[in-house]
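1. Sequence plus predicted model, see below.
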Amino acid sequence: MSDPSDTGAGPETTTHFGFRDVPEADKAGLVRGVFTSVASKYDVMNDAMSLGVHRIWKDAMADWLAPRQGMDILDLAGGTGDIAFRMLRRMKGVGHVTVCDLTESMLVEGRKRAEAAGFGDNLAWVTGDAMKLPFAANSFDAVTMAFGIRNVTRMEDCLSEIYRVLRPGGRFLCLEFSHIPGAGLQKLYDIYSFNVIHKLGKMIAGDADSYQYLVESIRNFPDQDTFVARIRAAGFVQVK
């Protein structure tokens, strides 16, 4: 005898949104809401939160890739263009970067900056989901992603898609926060991030909650060894 109240549906799959558990189906919309809210002040906040150090990290990423002229690069979650502009400068304008971001408002800000910098002809701006990229297989020589993969609902799907769109021999470079070695440094970082960053967000961007989420999303990110293992599982070799 069956129970008429039993629909047969299993338990809903959940994921992290900061320190909250939310249905997987809801996370992309929540993340889009965060970045829509902060888009116009995103770059200013990066300077304020890191005291400008994010620029050094991004320069180092471009140095690690050392893009050659004529390369075709995909920058994921690259809305305001910081990574894309660095790659184009190193290619001396002879190459192409496609910026793909989930949030249209971030891309709007990036286009404004690109026009001001004279990069328009070498850039494409695409609204898209990193777990289901709107590009053919073997389309890019390199894929970059800075401070974005922790916002993806299913990291494994994102990594598989990156592997799919890369040409044979292509490279994936990911810049992301992870775990700090040493309990003392971690404690200092926790004091700063949980007590200062959301206040900066309220003061500069008028949005404390979004920056509270960003701090919490860093805490939920796997440690370095676990992340390396996930990248290898997607098919990549020479991972470090």
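-> Nice, I can see it. Fair warning: this is a prediction, and the values are worked out from it, not measured in the lab. Numbering: from 1, shown residues only.
2. which regions of this structure sit below the pLDDT cut-off?
-> Low-confidence segments of the chain, defined by pLDDT under 70, span residues 1-11.
3. strands paired with the longest strand that it contains, and their directions?
-> The longest strand of the chain (DSSP state E) is strand 166-175. Listed by DSSP bridges, the sheet partners of strand 166-175 and their directions read strand 140-146 (parallel).
4. How many residues are close by E104?
-> The local packing of E104 (other C-beta atoms under 10 Å) involves 14 other residues. (Each C-beta comes from the backbone N, C-alpha and C, glycine too.)
5. Quickly list what D101 is bridged to.
-> Taking DSSP bridges as the rule, D101 bridges to T127.
6. In contact with it: list those residues for me.
-> D101 is in contact with F35, L76, A77, G78, G79, L107, G110, W125, V126, T127, G128, counting by C-beta atoms under 8 Å, 6 or more residues apart in numbering.
7. ok, and the closest non-adjacent residue to the second one?
-> The one in question is L76. The shortest distance from L76 to any non-neighbouring residue, by C-beta to C-beta, 6 or more residues apart in numbering, is to M145 (4.3 Å).
8. if we can go back for a sec, output the contacts of D101 as CSV; include the columns distance to L88 and secondary structure.
-> Shown next, in CSV, are those (distance: C-beta to C-beta, whole Å; DSSP: H, G, I helix; E, B strand; the rest coil):
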residue, distance to L88, secondary structure
F35, 23, helix
L76, 16, strand
A77, 18, coil
G78, 12, coil
G79, 16, coil
L107, 16, helix
G110, 12, helix
W125, 14, strand
V126, 16, strand
T127, 20, strand
G128, 20, coil
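9. With respect to N46, which of those residues is nearest?
-> G79 (11.7 Å; C-beta to C-beta).
10. follow-up on the earlier one: what about the residue nearest to L76, neighbour count?
-> M145 sits with 24 neighbouring residues when counted by other C-beta under 10 Å.
11. gap between the most centrally placed residue in the chain and F221?
-> In the chain, the centroid-proximal residue (C-alpha atoms, centre = their mean) is G148; its distance is 1.2 Å. For G148, the distance to F221 under the criterion C-beta to C-beta, to the nearest Å works out to 11 Å.
12. where along this structure do the strands fall?
-> Per DSSP E, the chain has strands spanning 14-17, 20-23, 72-76, 96-101, 123-127, 140-146, 166-175. These are given in chain order.
13. With respect to L159, which of these lies nearest?
-> Nearest to L159 among the strands of the chain is strand 166-175; the distance by C-beta to C-beta comes to 8.1 Å.
14. quick one on the thing from earlier: how many neighbours does the nearest residue in space to the residue nearest to the centre of the chain that is not next to it in sequence have?
-> With C-beta to C-beta, 6+ apart as the criterion, G148 has its nearest non-adjacent residue at 2.5 Å, and that residue is A77. By the criterion of other C-beta under 10 Å, A77 has 24 neighbours.
15. likewise V108?
-> Number of residues near V108 (other C-beta under 10 Å) recorded here: 15.
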